[in-house]
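K.L.:
Build me a model from this:
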Amino acid sequence: MKCPYCGTEMETGYVQSMKEIIYSADLHTGRIMIPKKDDIKLTYDPWSPAACKASRCAACRKIILSY
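P.N.:
Model prediction:
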């Protein structure tokens, strides 16, 4: 995939976490994050480490993923 910012070829990999990954317009500040109605869950399996396939541009330092 070509980077939409600079046109450089992007590397495919994963964004990973020991907990689920959620996109939120607001910053959750507590130790326990309870998803809000408008949050987007990027991962769904609560019993294994979370991973989202992503593309990385080393030139722009951008990571792009789809949900």
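
K.L.:
Show the pLDDT at residue 11.
P.N.:
Residue 11 is assigned a predicted lDDT (pLDDT) of 97.

K.L.:
ok, now residue 66?
P.N.:
With respect to pLDDT, residue 66 has a value of 87.

K.L.:
count of residues packed around it?
P.N.:
Using other C-beta atoms under 10 Å, the number of residues around residue 66 comes to 8. C-beta coordinates here come from the backbone N, C-alpha and C atoms, glycine included.

K.L.:
Which residue, neighbours along the chain excluded, lies closest to it?
P.N.:
Closest residue to residue 66 apart from its sequence neighbours, by C-beta to C-beta, 6 or more residues apart in numbering: residue 53 at 7.8 Å.

K.L.:
what helix or strand is that neighbour on?
P.N.:
Assessed by DSSP states H and E, residue 53 sits inside strand 50-57.

K.L.:
Okay, buried residues for that strand please.
P.N.:
Neighbour-count burial for strand 50-57, counted by 16 or more other C-beta atoms under 10 Å, picks out 50, 52, 54-57.

K.L.:
Alpha carbons of stretch 2-13, in CSV - could you do that?
P.N.:
Only the C-alpha atoms of stretch 2-13 are listed here, as CSV (Å, rounded to 0.1, in the frame of the first residue of the first chain):
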residue,chain,number,x,y,z
LYS,A,2,1.3,3.5,-0.8
CYS,A,3,1.2,6.1,1.9
PRO,A,4,-1.6,8.6,1.2
TYR,A,5,0.6,11.4,2.7
CYS,A,6,3.9,11.0,0.8
GLY,A,7,3.5,8.1,-1.7
THR,A,8,6.2,5.9,0.0
GLU,A,9,5.5,2.1,0.1
MET,A,10,4.1,1.2,3.5
GLU,A,11,5.1,-1.8,5.7
THR,A,12,2.3,-4.1,6.8
GLY,A,13,2.2,-5.1,10.5
